[in-house]
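Visitor: give me a 3D structure for the following:
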Amino acid sequence: MPPLIAVLTDFGSRDPYVGIMKGVMAGIAPDATVIDISHGVPPQDLVVGALWLDGAVDWFPPHTVFLVVVDPGVGSARRVVASELGSQRFVCPDNGLLTALLQRRQGRAVVASDPRFHLPGVSHTFHGRDIMAPVAAHLAAGLPLEQLGPPAGDLKLLDLPRARRTLDLVVGEVVYLDHFGNLITSIPASDLEPGMTVELGGQRLPLVRTYADVEPGEPLALVGSTGRLEISVRDGSAAECLDCGVGDAVIVVEAHA
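Guide: Residues are numbered from 1 along each chain as shown. Below you'll find the predicted structure:
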């Protein structure tokens, strides 16, 4: 199959930034297929970027190159790195975007510092165009990782939200809202058991299997496609109906509690 580049950014869809990066990559790796994961990461939100990346990679084939640009430190001393984790490769700022992946995959990383694989005249504000997109395209075109620069050593890690268990409770928090207003939490499916109930914003919600298990307009909790606990309202927005958002505490109560 042709080389595949998957792109995840916080650029949104209004501005030309994503299209420009695709143009740069087309000039270097014209045979590559480019897939947009999303450009809706909240601006500068590294935690959401790391979680969305981790939730996407397993659905892509081996040898995919992931270009991930959420870069509040652009123009600073932060590094741009290229890594190989499992059978896939990643190009991103060294700012913690790989944190969730590094918790479950091993691999190697280099600093993508060789100017031969950058655009000439690198700007101070758009390294996605001038460094990361060219590097991703060169990797997709067959460039060995080690030619991009020296070994990176330890990569920066984020303090990602985690669930914690205490007595008969599992305590987590809302980490992001999706397009439908569902509240995605830090609580993984592995911490849940049948019969549990979920508390959020003073309300106790049933833990169900699917949206159809409650009536339209009713709130619920379920394991979503992310593999995490989600708070939803059938045919509505949980964020609006429950008046809750990122950072709010979520408590899961065991069946016998």
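Visitor: only C-alpha atoms from now on, for both contacts and neighbour counts.
Guide: Fine.
Visitor: need the pLDDT of the residue nearest the centre of the chain.
Guide: By C-alpha atoms, centre = their mean, the mean C-alpha position of the chain lies nearest to Trp52, the distance being 2.2 Å. Each residue has a pLDDT score; the one for Trp52 is 96.
Visitor: am I right that it is in a helix?
Guide: Yes. Assessed by DSSP: H, G, I helix; E, B strand; the rest coil, Trp52 belongs to a helix.
Visitor: now Leu192: how far from Asp248?
Guide: Leu192 is 19 Å from Asp248, where distance means C-alpha to C-alpha, to the nearest Å.
Visitor: show me which of the two is the more surrounded one.
Guide: Neighbour comparison, Leu192 and Asp248: the larger count goes to Leu192, with 19 against 14 (by other C-alpha atoms under 10 Å).
Visitor: where does that one land on pLDDT?
Guide: Reading off the model, Leu192 has pLDDT 88.
Visitor: spell out which residues sit in contact with it, please.
Guide: By C-alpha atoms under 8 Å, 6 or more residues apart in numbering, the contact set of Leu192 is Val252.
Visitor: same for the top strand by length along the chain, what does it pack against?
Guide: Using DSSP state E to define each element, the chain has its longest strand at strand 169-177. Contact analysis of strand 169-177 by 3 or more C-alpha pairs under 8 Å, 6 or more residues apart in numbering; DSSP states H and E lists strand 164-166, strand 183-188, strand 249-253 as its packing neighbours.
Visitor: what's the angle from that strand to strand 183-188?
Guide: 140 degrees (axes from the mean of the first three to the mean of the last three C-alpha atoms, to 10 degrees).
Visitor: quick one: strands adjacent to strand 169-177?
Guide: Strand 169-177 sits in its sheet next to strand 164-166 (antiparallel), strand 183-188 (antiparallel), strand 249-253 (antiparallel), going by DSSP bridges.
Visitor: no more questions from me, cheers.
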